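Turn this into a structure:
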Amino acid sequence: MPSPQFNRIVLIADAPHNVAPYLLPRGRRTALPGLRLESFQGRHTYLARHLPTGAQLVVTGNASGTWGGARRSAPRRFRTTDDCLTAQEHAELDLVPEISDAAARLLAGLICRITAKDPHGDWAVGWFVDPLDRDGWNCSDEVPFEKKLSGSQDLWTLRWNGLPYADDVATALTHDPIGIPGAVVHDTGDQVEVRLGPAVLRLSARRDPIRRSMGAAL
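Down below sits the predicted model:
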């Protein structure tokens, strides 16, 4: 579960020691280019700094989203803030497309709602399991957890298979009171678009058959 804060995001994870290696570069393995370990606190918290932007990323196993305790040696040897960007990281960062402010708000909002769930049980966002335990999630014929984000400036497309429904993600970004102010949903039939000013985030994924049939009946 993420906790959104300005220039900092806190990821609350059941297994932080499994999450951190996906994000923090170590050795010759590059994860998130430019991310560096600042410190390891207590037994469950990684404090990392993204050198190109100065933003902080925290991965913690503490359900409160807070951390304390003395600094300790991390369980694995990650690159630290003493390590400059490598040539490979510079090359990878140069490939990142330009993004508009409005589109950045949409993508940041997506990250901050990766575990959002409607208290009434009408929708939920779950990328690995369905929090509502709905039928019809047999993905045996699909590559598990395949996701791709592409685009530039105001126009971006997120494609994935399996969980969650595209309609649920769109609702999490626009539904009052959790939605991003000003963001609206546009149904194109095969895809769902979330728009914020001039920015468009296309969600190309499985649709909710019940909600689509209800919309067609209106």
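
C-alpha only now, for contacts and for neighbours.
Will do.

Remind me what the biggest helix by length in the chain packs against, helices and strands.
Longest helix in the chain by number of residues (criterion: DSSP state H): helix 101-111. With contacts defined as 3 or more C-alpha pairs under 8 Å, 6 or more residues apart in numbering; DSSP states H and E, helix 101-111 has these neighbours: helix 166-174, strand 192-196, strand 199-204.

May I see those arranged in CSV, with mean pLDDT, mean neighbour count and distance to residue 106 as well?
Output for the helices and strands packed on helix 101-111, formatted as CSV (pLDDT from 0 to 100; neighbours: other C-alpha atoms under 10 Å; distance: least, C-alpha to C-alpha, whole Å):
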stretch, mean pLDDT, mean neighbour count, distance to residue 106
helix 166-174, 95, 23, 8
strand 192-196, 97, 21, 7
strand 199-204, 97, 23, 7
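
Now render the ones you listed as CSV, adding distance to residue 17.
Output for the helices and strands packed on helix 101-111, formatted as CSV (distance: least, C-alpha to C-alpha, whole Å):
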stretch, distance to residue 17
helix 166-174, 27
strand 192-196, 34
strand 199-204, 30
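
And these: which comes nearest residue 22?
Nearest of the helices and strands packed on helix 101-111 to residue 22, taken as C-alpha to C-alpha: helix 166-174 at 23.1 Å.

Count the neighbours of residue 12 for me.
Using other C-alpha atoms under 10 Å, residue 12 has 22 neighbouring residues.

if we can go back for a sec, wait, which of the helices and strands packed on helix 101-111 is closest to residue 147?
Among these, strand 199-204 sits nearest to residue 147 (C-alpha to C-alpha), with 10.0 Å.

can you tell me which of the helices and strands packed on helix 101-111 comes nearest to residue 113?
Closest approach to residue 113 among the helices and strands packed on helix 101-111 (C-alpha to C-alpha): helix 166-174, 6.7 Å.

Tell me what angle that closest one forms with strand 192-196.
Relative orientation of helix 166-174 and strand 192-196, computed by axes from the mean of the first three to the mean of the last three C-alpha atoms, to 10 degrees: 10 degrees.

I'd like to know the average pLDDT value across the following helix or strand past helix 166-174.
From helix 166-174 onward toward the C-terminus, using DSSP states H and E, the following helix or strand is strand 184-187. Here strand 184-187 scores 95 as its mean pLDDT.

Name the residues that touch strand 184-187?
170-171, 174, 192-196 (C-alpha atoms under 8 Å, 6 or more residues apart in numbering).

10 Å - rerun?
With contacts defined as C-alpha atoms under 10 Å, 6 or more residues apart in numbering, strand 184-187 is touched by 167, 170-171, 173-175, 192-197, 200-203, 212, 215.

how close does the spatially most central residue of the chain sit to residue 79?
Nearest residue to the geometric centre of the chain (C-alpha atoms, centre = their mean): residue 111, 3.2 Å. With distances taken as C-alpha to C-alpha, to the nearest Å, residue 111 is found 24 Å from residue 79.

which intervals of this structure have sub-threshold pLDDT?
Residues of the chain that meet the criterion pLDDT under 70 lie in 1-4, 136-145, 210-218.

show me where it has strands.
2-5, 8-12, 35-41, 45-50, 56-60, 71-72, 147-152, 155-160, 184-187, 192-196, 199-204 (DSSP state E).
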